[in-house]
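>>> quick one: sequence plus predicted model below, questions after.
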Amino acid sequence: MRSLSEFMKDAYRLSKPYFTRSDEKLSAWGLLIAIIVLNLAIVGMSVIQNYWHRSFYNAIQTKDWRAFLELLFLYRITPTGGFLPGFVELAAVWIAAAVYSVYLNQWLQIRWRNWMTRHFVDEWLSDHAYYQISLTSDAAAVGTDNPDQRISEDLRDFTRSTLVLGLDLMSNVVTLFSFLGILWGLSGSVTILGVAIGGYMVWAALIYSAAGTWLTHLVGRPLAALNFRQQRVEADFRYSLVRVRENVEGIALYRGEKEEQDLLKHRFSSVIGNWWAIMRRLRWFNALTSGYGLLAGIFPIVVAAPRYFFGNMELGDLMQTVGAFGQVQNAMSWIINQYAANSPNDVSLVRWRSIVERLTTFDRAVEVARAHAERIMVQDSSDGSVQLHKLTISLPTAAKLMTNADVVLEPGHSVVITGRSGSGKSTLFRAMAGIWPFGSGSVQRPIERSLFLPQRPYIPLGTLRHVVSYPNTPDTNKREDIVQALNDVGLASFVPRLDQDELWAQQLSGGEQQRVALARALLAKPDWLFLDEATASLDAEAENELYRMLKQRLPQTTLVSIAHRASVAAFHERRLVFQREEGKPGALVPAELEAAGGGNG
């Protein structure tokens, strides 16, 4: 865990943009100021209530029925000329302030969370950062693990905890200074070893709170790291469950149930093990805080009782002193009260710190990933060609796959790229697409008129119409065009299910998913279509039929195919071989079409 000053800087850096740069900053400040005013009003009413208690208990002690009723239902002018509202009026205003303080707080929370979620999602998805952080070589994956949890849960808890803790701290500081003067005036003085100590109740509250705070931090300090780890292991376990749900067929075919059970049990054992560590630490922590809180209820009475029994104060004065002491002591004990949570949904300093750590490390990981995005420049082509200029492609380990490659692909001349398995063809495909962050040089191509189809297509959630239209919205294409595209790729049987919302990633076979990807190409009609073994899940005959269909339906589209079947080369005018020896950079070498072949890249 980082130092306290670094942590506070991180919390400030996460909070600042919404209140200074967002398009909602004025309304955000308006809500925040309204919440602060309501919280200060509640503090003010607690001061009034303190004086009300003195008059109320004095009325009971003197059996003053009229004063008793006035203090309950109307108002009371005190002997010193002060005005005290009745309990009913005071309670009505207090309840209204408390209700709207919480309501406006929740309103600000949801607006702040909404903005931060959109901001984090935009940053995560921009410049392919989401893809690049998945390539991290950090074994601990600090900052990159479970981005779904960080964006969903951590942002929710950050906005809630920051507002609750920040406003509560402000209220406690105001309460402390509001009641210090009251307690000092009520305390009188006490003589210890011949020395008169004025406002001794204030000093008693200070010593009591300081001792409790020091012990609380000493016992609870390890909880911050334990909470940080708990959030991670919980997310890891949930992710493993999602992976089983998304790959049910593969697991069933491999009969991998035992392996999945062992993995889930292992992940869950980490959850349980860390939870036990939290429980053991909380056992001592709760023993300390429970004893501290229990003693706090009787401590001020014991300290103030001698003055009452010696006749130096009335019952109302004693109760006011106890109430003021409780307010001062409670304000001074803010760290103790907020240090750790007893349940996962509670707000606490420990949990807040772990949330800030997770969001900060994730934010920095995204920044680093986006910085890598400019290393291989992808520029728009002015003449419609595809050009690799001094292109160097590296692995995350810094090993080079290719150095200073200069290649020009002319429009209208389709190219097939072959090579041995593992030579780096698919990495070249990613670099040409502009998503590979490791390397240098530039790629020039018609950016808006290029489409890349990987070997494993992405199948989003939603209707089949949405799946086929992806990444465009379903209404981008006419229904008859989508139907025609499905017919052309051999998926006519799915046309009646076009508007059905199902888990299509599980409904469609690997070959059918690749046919869907080709249907997307028919709808997009790109100038350049890059295919990284995009038909490898199909048999040779189906593959030839689909390539023939692409050439007929997209006559103006230039194909760049990474393939390992010789038959694919017949649909191209040029062949390049990615040649690379183990441990050395490779190169794209021209070759005859009839020699097409190679391995899976």
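Structure's in. What do you need?

>>> domain assignment for this protein?
Per automatic domain parsing, the domain ranges recorded for the chain read 4-371, 377-595.

>>> rank those by pLDDT, which is bottom?
When those are compared on average pLDDT, domain 4-371 comes out lowest at a mean of 83.

>>> count the residues that sit near residue 111.
The local packing count at residue 111 equals 17, with neighbours defined by other C-beta atoms under 10 Å. For every residue, glycine as well, the C-beta is placed using N, CA and C.

>>> if I look at it, how far off is residue 120?
15 Å (C-beta to C-beta, to the nearest Å).

>>> before we move on, what about residue 397?
When C-beta to C-beta is applied, the distance between residue 397 and residue 120 equals 29 Å.

>>> if you count what's nearby, which of these two comes out ahead?
Remark: of residue 397 and residue 120, residue 120 carries more neighbours, 21 against 7, as counted by other C-beta under 10 Å.

>>> if you drop the residues flanking it in sequence, what lies closest to the more buried one?
Of all residues not flanking residue 120 in the chain, residue 151 sits nearest, at 5.3 Å (C-beta to C-beta, 6 or more residues apart in numbering).

>>> got the contact list for that neighbour?
Neighbour list for residue 151: 117, 120-121, 124 [criterion: C-beta atoms under 8 Å, 6 or more residues apart in numbering].

>>> what's the longest helix in this structure?
Across the chain, the helix with the greatest residue count (assigned by DSSP state H) is helix 257-309.

>>> ok, then the element right after it?
Note on helix 257-309: by DSSP states H and E, the next helix or strand toward the C-terminus is helix 315-332.

>>> name the next helix or strand downstream of that next one, please.
Using DSSP H and E, the helix or strand that follows helix 315-332 in sequence is helix 334-338.

>>> which other helices and strands does that following helix contact?
Helices and strands touching helix 334-338, as assessed by 3 or more C-beta pairs under 8 Å, 6 or more residues apart in numbering; DSSP states H and E, comprise helix 155-187, helix 200-220, helix 257-309.

>>> what are the buried residues along that helix?
Neighbour counts over helix 334-338 (16 or more other C-beta atoms under 10 Å) mark 334-338 as buried.

>>> what's that helix in contact with?
Outside helix 334-338, the residues touching it (C-beta under 8 Å, 6+ apart) are 165, 168-169, 172, 209, 212-213, 216-217, 289, 292, 330, 347-349.

>>> let's see 10 Å
Surrounding helix 334-338, the residues in contact under the criterion C-beta atoms under 10 Å, 6 or more residues apart in numbering are 161, 164-165, 168-169, 171-173, 175-176, 209, 212-217, 220, 288-289, 292-293, 296, 330-331, 346-352.

>>> gap between it and the chain center?
Between the mean C-alpha location of helix 334-338 and the chain-wide mean there is a distance of 26 Å, by C-alpha atoms, centre = their mean, to the nearest Å.

>>> over to stretch 217-234?
The offset between the C-alpha centroid of stretch 217-234 and the centroid of the whole chain comes to 18 Å, using C-alpha atoms, centre = their mean.

>>> need the CA coordinates for that stretch. PDB is fine.
Written as PDB, here are the backbone C-alpha positions of stretch 217-234 (Å, rounded to 0.1, in the frame of the first residue of the first chain):
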ATOM      1  CA  HIS A 217      -4.800   2.100  13.800                       C
ATOM      2  CA  LEU A 218      -2.300  -0.300  15.300                       C
ATOM      3  CA  VAL A 219      -4.800  -3.200  15.300                       C
ATOM      4  CA  GLY A 220      -6.600  -2.400  12.000                       C
ATOM      5  CA  ARG A 221      -3.700  -1.300   9.800                       C
ATOM      6  CA  PRO A 222      -3.400  -4.700   8.000                       C
ATOM      7  CA  LEU A 223      -7.100  -4.600   7.000                       C
ATOM      8  CA  ALA A 224      -6.400  -2.300   4.100                       C
ATOM      9  CA  ALA A 225      -4.200  -4.800   2.200                       C
ATOM     10  CA  LEU A 226      -6.600  -7.600   3.100                       C
ATOM     11  CA  ASN A 227      -9.500  -5.700   1.700                       C
ATOM     12  CA  PHE A 228      -7.600  -5.000  -1.500                       C
ATOM     13  CA  ARG A 229      -6.800  -8.700  -2.000                       C
ATOM     14  CA  GLN A 230     -10.400  -9.700  -1.100                       C
ATOM     15  CA  GLN A 231     -11.800  -7.600  -3.900                       C
ATOM     16  CA  ARG A 232      -9.400  -9.200  -6.300                       C
ATOM     17  CA  VAL A 233     -10.000 -12.800  -5.300                       C
ATOM     18  CA  GLU A 234     -13.800 -12.300  -5.300                       C
END
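
>>> and that stretch, which residues are buried?
Using 16+ other C-beta under 10 Å, the residues of stretch 217-234 that count as buried are 219-220, 223-224, 226-234.

>>> okay if I get those residues as a markdown table plus secondary structure and distance to residue 42?
Putting the buried residues of stretch 217-234 into a markdown table (DSSP: H, G, I helix; E, B strand; the rest coil; distance: C-beta to C-beta, whole Å) gives the following:
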| residue | secondary structure | distance to residue 42 |
| --- | --- | --- |
| 219 | helix | 31 |
| 220 | helix | 28 |
| 223 | helix | 30 |
| 224 | helix | 30 |
| 226 | helix | 34 |
| 227 | helix | 30 |
| 228 | helix | 33 |
| 229 | helix | 37 |
| 230 | helix | 33 |
| 231 | helix | 32 |
| 232 | helix | 38 |
| 233 | helix | 39 |
| 234 | helix | 35 |
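
>>> which of those residues sits closest to residue 405?
Relative to residue 405, the closest of the buried residues of stretch 217-234 is residue 232; by C-beta to C-beta it sits at 40.5 Å.

>>> excluding chain neighbours, give the residue nearest to that closest one in space.
Taking C-beta to C-beta, 6+ apart, and ignoring the residues beside it in sequence, residue 232 has residue 145 as its nearest neighbour in space, at 6.1 Å.

>>> what's the helix or strand for the residue nearest to residue 264 when sequence neighbours are not counted?
Of all residues beyond its chain neighbours, the one nearest residue 264 is residue 240 (5.6 Å), with distances taken as C-beta to C-beta, 6+ apart. Applying DSSP H and E as the criterion places residue 240 in helix 223-246.
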